[in-house]
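Asker: sequence below, structure please.
(one chain, ligands or ions: 1)
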Amino acid sequence: MHVLGISCYFHDAAAALMRDGELVAAAEEERFTRKKHDFEFPSHAIDFCLQVAGIEGPDLDAVIFFEKPFVKFERLLMTSMQMFPRSYKVFREAMITWMGDKLWIKSLIQKRLRILPSRILFSEHHLSHAASAFFCSPFEEAAILTIDGVGEWTTASIGWGRGTEIKLLREVRFPHSLGLLYSAFTAFLGFEVNEGEYKVMGMAPFGKPRYIDKVYQLIHLADDGSFELDMNYFSFHCSTEKTFNRKFVELFGPPRDPKMHFFTPSTGYPSYFGLKPADYEEFGKLNEHYADVAASIQAVTETVVLRMANQAHHETGSKRLCMAGGVALNSVVNGKILHDAPFEEIYIQPAAGDGGGALGAALFGYHMALGQPRKFVMEHAYWGEEHGEEKIESFLRRSGIGYEQFDDEEQLVGRVVESLQAGRVVGWLQGRFEWGPRALGNRSILADPRRSDMKDIVNTKIKFREPYRPFAPSVLVERASEFFDLPDPSRHYPARFMLYVTDVNDNKRDCVPAVTHVDGTGRLQAVHRHVAPRFYKLIQRFGEATGVPVILNTSFNLKGEPIVNTPQEAYRTFRISEMDTLVLDRYIIEKGG
Ligand SMILES: [Fe+2]
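Answerer: Have a look, this model is predicted:
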């Protein structure tokens, strides 16, 4: 039985295919079209999934769309009518785009996949999020928390899963939304909404949460974790461009200029920003103020999510928690939940945002609509496209690129360890690309985390990131608790997917400075031998050579581009950046000998 899940038209479009209850393939559309956060109908991702399964559209038993377009449209219409005439522009744009494609998704799926309309089903946005977490988890029973910007009407929900059933017990409805509150601050701090939320999270440790009281003027939080926003401060319900308004600015001051470089008196001025401006001290202080704002919204978000998690525990009595929705990608919040909420185990799958809705839709369809039993646990994130050795070799030969081939894996890994120890920055492409926004050792850029100058080296050569974007550590799971405050790391699925930020142990901070953030934390990936054998071996050999079984791991892409998929894209990135070494499966290409 083949079941396809689709998500699109909002944030990240994606497709996921189940066969007889096991996941066969899952991918976000951006990896194929090379448009970051591509939200159009995911034709390429669907074709890829069908190709992996060796089937065609008409062979599908069911196709499930991740949300209910008509209900969402109803929300847009009702909200814009309430806010008329201020919302005239939203209303006009909504009519144009929704009347064009979005409402007619059923006939589009029918046409593209050549299947009967009776095989096309619709889930609900937050039910898809809930299903993506619970049905991928190893838990027979768990509390479920979903929090995002907005789905149809729901912006957060508490649910309970048991066996093949999920019940949503309570919800928060639009316009009251923790995700949209966080996004308003993302925009205020000069970042792109739905893209820059990580930057707010990374900026927070540079500041102090001095404005918590002010944030609580915007959000009224009850003891049970439910909340309301004071809509006098926001515009997202009546504008397509603005998320916050004049009153918000009266409270927090002028928004941060998106073009302003981020540095504070404590970070100094990074050399890769170019020449130091004359008024550098003034800018540093101004950035400190914005970091205080970031710290304040991050602290309030942590409190809200923690209170909701406590409520989920209270209502379900469960010792296990599954989380999904864009807010579940806030790995600092997740680390706090692990630490402070009364759950023994937590599960989050790697594409916790809207891309993951495709997976949730497929799982909802298979278990809840078609009543089939569970047998799948998502143990790893490697569900994307793969490019075999033959394809890589023929590309290298055809393009006249000089390479070395290593038939012996030990030799291959040994050679990469030497490169890393020599301070070289290594592009590393292996197997199937990752599901979700994190590179977990199949499309990664790797470097030596022991050198304090390595952050600047990777930034200067490739990433050009501001200091608030820390680089992540990949560590052998067996050695993870030696370096990070994470007892019994093998039990924690979110740690496999870089979804926890924890403290780096005091005695190890100097040991891995390039992956320790300014507040002494790290967003670790605990690497398991059985899910990523070659990557595991690389870190193991690096550990044998240096005493530190940790590697700096950042996603294989240039700033503003999606993570690479093909060897061609990897080579292009290698060539136009200052990366030193490129490893494509068993082939190594060196720059500058
Ligand atoms: Fe969502």
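Asker: got the contact list for the closest residue to the ion within the stretch 101-250 of the chain?
Answerer: Relative to the ion, the nearest point of the stretch 101-250 of the chain is residue 148 (3.5 Å; C-beta to the ion). For glycine as for every other residue, the C-beta is placed from the backbone atoms N, C-alpha and C. Listed by C-beta atoms under 8 Å, 6 or more residues apart in numbering, the contact set of residue 148 reads 125, 126, 129, 155, 156, 177, 179, 325, 326, 327, 353, 354.
Asker: mind listing the strands in the stretch 1-150 of the chain by residue range?
Answerer: Under the criterion DSSP state E, counting those that start in this stretch, the stretch 1-150 of the chain contains strands at 2-7, 14-19, 22-28, 62-65, 120-122, 141-147.
Asker: now the third one: average pLDDT?
Answerer: For strand 22-28, the per-residue pLDDT values average out at 98.
Asker: tell me which parts of the protein are close to the ion?
Answerer: By C-beta under 5 Å from the ion, the residues of the chain that approach the ion are 148, 354.
Asker: now the helices for the stretch 351-500 of the chain?
Answerer: Using DSSP state H, counting those that start in this stretch, the helices of the stretch 351-500 of the chain run over 356-363, 389-398, 409-421, 454-458, 480-483, 493-496.
Asker: before we move on, the earlier item: so what's the nearest residue to the residue of the stretch 101-250 of the chain closest to the ion once chain neighbours are set aside up against?
Answerer: Leaving aside its sequence neighbours, residue 148 sits nearest to residue 325 (C-beta to C-beta, 6 or more residues apart in numbering; 3.5 Å). Taking C-beta under 8 Å, 6+ apart as the contact definition, residue 325 lies against 126, 129, 146, 147, 148, 156, 179, 352, 353.
Asker: buried ones among those?
Answerer: 126, 129, 146, 147, 148, 156, 179, 352, 353 (16 or more other C-beta atoms under 10 Å).
Asker: mind putting those in CSV, pLDDT included?
Answerer: Listed next are the buried ones among the contacts of residue 325 as CSV, based on pLDDT from 0 to 100:
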residue, pLDDT
126, 97
129, 97
146, 97
147, 97
148, 94
156, 97
179, 95
352, 96
353, 94
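Asker: may I see those residues arranged in JSON lines, with distance to residue 468 as well?
Answerer: Listed next are those as JSON lines, based on distance: C-beta to C-beta, whole Å:
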{"residue": "126", "distance to residue 468": "30"}
{"residue": "129", "distance to residue 468": "27"}
{"residue": "146", "distance to residue 468": "27"}
{"residue": "147", "distance to residue 468": "23"}
{"residue": "148", "distance to residue 468": "23"}
{"residue": "156", "distance to residue 468": "26"}
{"residue": "179", "distance to residue 468": "20"}
{"residue": "352", "distance to residue 468": "21"}
{"residue": "353", "distance to residue 468": "20"}
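Asker: how many neighbours does the closest residue to the ion within the stretch 301-450 of the chain have?
Answerer: Distance from the ion to each residue of the stretch 301-450 of the chain (C-beta to the ion) is smallest for residue 354, at 4.5 Å. For residue 354, the neighbour count with other C-beta atoms under 10 Å is 31.
Asker: I figured it hits residue 9, correct?
Answerer: No. Residue 354 is not in contact with residue 9 according to C-beta atoms under 8 Å; the separation is 9.7 Å.
Asker: would you mind measuring from residue 13 to the ion?
Answerer: Note on residue 13: its distance to the ion, by C-beta to the ion, to the nearest Å, is 13 Å.
Asker: mind listing what that residue touches?
Answerer: Counting by C-beta under 8 Å, 6+ apart, residue 13 has contacts 6, 7, 28, 29, 30, 38, 39, 40, 41, 42, 45, 355.
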